[in-house]
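1. Below are the sequence and a predicted model; questions follow.
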Amino acid sequence: MTMASSVQAEGAQAAPKPPSDPVAVGGTDSVLQVRNLEVTYYTDAGRAKALDDVSFSLGAGEKLGMVGESGSGKSTLALAMMRMIKEPGRIENGEVVVDGTDLIALDEDAMRRARLSKIAYIPQGAMNSLNPVMRIGAQMVDAVKSHVPDEQPSAIRDRCMHALASVDLDPKAFRMYPHELSGGMKQRVCVAIGILLHPQVIIADEPTSALDVVTQRQVMETIDRVQSSINAAVILIGHDMGLMAQFVDKVAVMYAGRLVEVSAVRDMFTDPKHPYAQALINSLPNLDNKGVFEGIPGLAPSLLRLPSGCAFHPRCSRVMDICSAKRPEVTALPGGHTVMCHLFDGEA
């Protein structure tokens, strides 16, 4: 799917569900609220719940890092928020409220207009996200025209050139084809397309995974700068904990489709609460203990056959009897820290 065509992507309608209070990541002036979001994939092998009752909120200008092992539901969350879940997937329940508008409740035409204008998506692989037979400028112009059809051609061109300049790309890139750009330049083009209409929420799905270390930093600095200029909320999805430590304000840890912990980035690295979050932090290389690496025992569970109770209990070093019998719920801790673990719910 190309960046320009993604604005035309179809989503799945959700059945209404009484919302619960979202986990507070932003303040009372939250620009994004995700409530009880559930996504299920119906396969020949059975029903797999990829997102299970996910709720959180995010304020304007805040940056949230979403981490977890592959298959934990991070990218599914991004696609669900954009209403780009395809069959056999289905958004079963939930709300994605951006500036007072529930995106899940919109019809297809209204959702198409909301993409790029209210919520934008920066894809993981820029080389696969741009139309190879269209010039960069033509793809940017198409994106603007689909949302602002009455805007004058000169104004559209100025808007596109300003977006390119904001990501430090030469104006010549407007007339170039994707194959004429480096990987880092193509990723910046995707960022430029994402900010064309000044969205209130930007989702960056592993935007630096295919880039070298130097280019990674340049791209992240670009996203940071343009995010600050338009005061957008940003969700950064990735595996690089070092990148999270430098870039985001808050960190959310996902496991088996659930948000098991949300906290300020400093608290996540210095005092993680959930045993899975602790294992993730302990698995990072440490200069004080060079050459020794700690892994997480076992494998992430299949979404088709989740363990009873807490999905992490077969791999947990602090497992208790209640962990296999009852699924934990969200517990609020001081400082806006939330965790989903029986160690903190008073029932252990």
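-> Great, that's in hand.
2. Now I195: closest residue in space, sequence neighbours ignored.
-> The shortest distance from I195 to any non-neighbouring residue, by CB to CB, 6 or more residues apart in numbering, is to V226 (5.2 Å). The C-beta positions use only the backbone N, C-alpha and C, and glycine is treated the same way.
3. Equivalent analysis for A256, please.
-> A311 (3.9 Å).
4. cool, T76 as well?
-> Counting by CB to CB, 6+ apart, the residue nearest T76 is A50, at 4.4 Å.
5. Next, give phi and psi for the one you found.
-> phi -80, psi -30 (degrees, to the nearest 10).
6. dump the residue contacts of the residue nearest to A256.
-> 255-256, 258, 301 (CB atoms under 8 Å, 6 or more residues apart in numbering).
7. what do you get if the cut-off is 7 Å, keeping everything else the same?
-> 255-256, 301 (CB atoms under 7 Å, 6 or more residues apart in numbering).
8. quick one: A332 is in a helix?
-> No: per DSSP: H, G, I helix; E, B strand; the rest coil, A332 lies outside any helix segment and is strand.
9. so it sits right up against V339, yeah?
-> No: in this structure, A332 is not within contact of V339 by CB atoms under 7 Å, at 8.6 Å.
10. So between these two, which is more surrounded?
-> A direct count of neighbours by other CB atoms under 10 Å for A332 and V339 places V339 higher, at 23 against 14.
11. Can you tell me who the more buried one pairs with across the strands?
-> E261, T331 (DSSP bridges).
12. mind checking how far it is from E329?
-> Separation of V339 from E329 (CB to CB, to the nearest Å) stands at 10 Å.
13. all helices for the stretch 51-200 of the chain, in order.
-> In the stretch 51-200 of the chain, the helices defined using DSSP state H, counting those that start in this stretch lie at 74-81, 108-114, 136-147, 153-166, 183-194.
14. Can you report how many residues lie near P275?
-> Neighbours around P275, by other CB under 10 Å: 23.
15. remind me, longest helix of this structure?
-> helix 213-230 (DSSP state H).
16. Just after that helix, pick out the following helix or strand.
-> strand 233-237 (DSSP states H and E).
17. which helices and strands sit right next to that following strand?
-> strand 63-67, helix 74-81, strand 201-205 (3 or more CB pairs under 7 Å, 6 or more residues apart in numbering; DSSP states H and E).
18. so can I have CSV of these showing mean pLDDT?
-> Conversion of the helices and strands packed on strand 233-237 to CSV gives the following (pLDDT from 0 to 100):
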stretch, mean pLDDT
strand 63-67, 95
helix 74-81, 94
strand 201-205, 93
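19. I'd like those laid out as TSV, including distance to Y42.
-> Converted to TSV, the helices and strands packed on strand 233-237 look like this (distance: least, CB to CB, whole Å):
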stretch	distance to Y42
strand 63-67	25
helix 74-81	14
strand 201-205	23
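20. Turn these into TSV, columns for distance to V319 and mean neighbour count.
-> Below are those laid out as TSV (distance: least, CB to CB, whole Å; neighbours: other CB atoms under 10 Å):
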stretch	distance to V319	mean neighbour count
strand 63-67	22	25
helix 74-81	25	23
strand 201-205	32	24
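21. For V262, find the nearest of these.
-> Comparing these against V262 with CB to CB, the closest turns out to be strand 63-67 (8.2 Å).
22. angle of that closest one against strand 201-205?
-> For strand 63-67 against strand 201-205, the angle by axes from the mean of the first three to the mean of the last three CA atoms, to 10 degrees is 30 degrees.
23. ends of stretch 147-157, how far apart?
-> Using CA to CA, to the nearest Å, the end-to-end distance of stretch 147-157 comes to 14 Å.
24. Buried by neighbour count: which residues of it qualify?
-> 147-148, 156 (16 or more other CB atoms under 10 Å).
25. Would you mind checking the average pLDDT for it?
-> Mean pLDDT, stretch 147-157: 93.
26. what does it contact?
-> 113, 116-117, 141, 144-145, 197.
27. again with stretch 120-135
-> Contacts of stretch 120-135 (CB under 7 Å, 6+ apart): 2-4, 6, 78, 82, 139, 175-179, 183, 186-187, 189-191, 194-195, 199, 202-207, 209-210.
28. for stretch 170-181, same thing?
-> With CB under 7 Å, 6+ apart as the criterion, stretch 170-181 contacts 130, 132, 135-137, 160-161, 164, 185-186, 189.
29. average model confidence for that stretch?
-> 94.
30. In it, which residues are buried?
-> 173-174, 176, 178, 181.
31. still on that earlier bit, what would the contacts of A311 look like in CSV with secondary structure?
-> Output for the contacts of A311, formatted as CSV (three-state DSSP):
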residue, secondary structure
Y255, strand
A256, coil
P301, coil
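32. So which of those residues wins on neighbours?
-> Y255 (25 neighbours).
33. Quick check: the gap between V97 and N231.
-> 18 Å.
34. same check, this time on L211
-> Distance from L211 to N231, by CB to CB: 26 Å.
35. Ignoring the adjacent residues along the chain, who's closest to Y42?
-> P88 (4.7 Å).
36. domains of the protein?
-> Residue ranges for the domains of the chain, per automatic domain parsing: 3-129+199-259, 269-344.
37. L169 is nearest to which of those domains?
-> domain 3-129+199-259 (9.3 Å).
38. what separates the closest one from the chain centre, distance-wise?
-> Put simply, domain 3-129+199-259 sits 3 Å off its chain's centre (CA atoms, centre = their mean, to the nearest Å).
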